[in-house]
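Engineer: Build me a model:
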Amino acid sequence: PVALAYHGQGRTSAYMEELTGFSGLKNTIAVYPQGAPGTEDGKPSWQGAPYSAPGVDDVRFTADLLD
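Structural biologist: Okay, here's the model as predicted:
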């Protein structure tokens with residue numbers, strides 16, 4: 001299985017790895033995407049949030065990632 005773990009606003013992919021522990025699961029591919037710098041002090045964010053960067057397309061990003 002593939003486990004995708006998206007961090008929250010202002011957090012990082014490294015934080016999600018530590019928080020979830022998915023990397024320690026046997027026979028699992030753990031993926032921790034990093035959000036784009038947003039409009040609120042450049043903190044990482046994802047599409048749809050009021051502080052997300054313009055033009056970010058997380059659905060396309062995820063599809064490309066899985067490809």
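Engineer: which residues in this structure form helices?
Structural biologist: For the chain, the helices defined by DSSP state H cover 13-20, 58-66.
Engineer: Please identify the buried residues of the shortest one?
Structural biologist: Read it as helix 13-20. Across helix 13-20, burial judged by 16 or more other Cβ atoms under 10 Å covers 13, 16, 17. C-beta coordinates here come from the backbone N, C-alpha and C atoms, glycine included.
Engineer: For the residue nearest to the first one when sequence neighbours are not counted, which residues are in contact?
Structural biologist: Nearest residue to residue 13, sequence neighbours excluded (Cβ to Cβ, 6 or more residues apart in numbering): residue 32, at 3.7 Å. By Cβ atoms under 8 Å, 6 or more residues apart in numbering, the contact set of residue 32 is 5, 7, 13, 14, 16, 17.
Engineer: Figure out which of the helices of the chain is closest to residue 39.
Structural biologist: Between residue 39 and the helices of the chain, the tightest spacing by Cβ to Cβ is seen for helix 58-66, at 15.5 Å.
Engineer: Show residues contacting that closest one.
Structural biologist: The contact list for helix 58-66 (Cβ under 8 Å, 6+ apart) reads 2, 4, 31, 33, 46, 47, 48.
Engineer: average model confidence for that helix?
Structural biologist: Averaged across helix 58-66, pLDDT comes to 93.
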